[in-house]
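Q: Just need the structure, nothing else, for what follows:
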Amino acid sequence: MKKYLVLLVLACLALTKTMAQDSLAVDHESDSLIVESQDTVMLKTYAARYNPRKALLYAAVVPGLGQIYNKKYWKLPLVYGGFIALGYAINFYQEGYIKYKNKLFFNLDHGYDGDSEIYPGDVYTTSTYRNVVDQYRRQRDFMIVIAGGVYILQMVDALVDAHLKEFDLNPSLKVTWHPSVEQNALIGRTSGVTLLVKF
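A: Now for the predicted structure:
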């Protein structure tokens, strides 16, 4: 009987202790945590301001718009520079492909279809033109595939960056490097570069 009485008293003490705690409310709409007590602490996240789905959608519609949405303006030259460079490369290989394809067809139309035959006044054989046309077409197609990869990469970057907006970063986290000189009894004086990581 005493055991049940002790258990009852302990249960009552535990219940009064939990009722004496501060109230805790979670607002799911605004993704906030509110602790109501005398010292109210209100934590707000950036999740409502940076929606990863919106960043992904913006980046899919207009390349670079997801980076603007995430306020990562320094990434815009990388995105547009990549597309401009790839556009230039695609145009270069397309023009070469058309130019040498026309020369190849010119040779074939005039009966110079042998591998070692050269049209008078020309430098390359028909076989050389075939190889050059294949190389230009292959390089053009490869650049188109890379452009698609850059498009997908900027979308993934916008999505991941929006997710990491609420990542809690330790303000004392530092990575620095500086030159160093060290005196050692065994090997003497050494110099180099020190990489220092602080947590």
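Q: only C-alpha atoms for contact and neighbour calcs from this point on.
A: Fine.
Q: Scan the helices and strands of this protein for the one with the lowest mean pLDDT.
A: Lowest by mean pLDDT, DSSP states H and E among the helices and strands of the chain is strand 23-27, with a mean of 55.
Q: Ignoring the adjacent residues along the chain, who's closest to residue 177?
A: Among residues not flanking residue 177 along the chain, residue 195 sits closest, at 4.3 Å (C-alpha to C-alpha, 6 or more residues apart in numbering).
Q: got the phi/psi numbers for that neighbour?
A: Taking degrees, to the nearest 10, you get phi -110, psi 120 for the backbone angles of residue 195.
Q: The longest helix seen in the chain: how far from the chain's middle?
A: Assignment by DSSP state H gives helix 126-163 as the longest helix of the chain. Between the centre of helix 126-163 and the centre of its chain there are 18 Å (C-alpha atoms, centre = their mean, to the nearest Å).
Q: swap in stretch 77-85?
A: With C-alpha atoms, centre = their mean as the basis, the mean position of stretch 77-85 lies at 14 Å from the chain mean.
Q: Near the nearest residue to residue 116 once chain neighbours are set aside, how many other residues are there?
A: The shortest distance from residue 116 to any residue that is not its chain neighbour, by C-alpha to C-alpha, 6+ apart, is 5.6 Å, and that residue is residue 125. Other residues lying near residue 125 total 18 when counted by other C-alpha atoms under 10 Å.
Q: any idea how far residue 125 is from residue 63?
A: Shown here: residue 125 relative to residue 63, a distance of 44 Å by C-alpha to C-alpha, to the nearest Å.
Q: again, but for residue 146
A: Here the criterion is C-alpha to C-alpha. By it, residue 146 lies 15 Å from residue 63.
Q: So for those two, which residue has more residues nearby?
A: Neighbour comparison, residue 146 and residue 63: the larger count goes to residue 63, with 22 against 15 (by other C-alpha under 10 Å).
Q: hang on, that one in a strand?
A: No - judged by DSSP: H, G, I helix; E, B strand; the rest coil, residue 63 forms no part of a strand; its state is coil.
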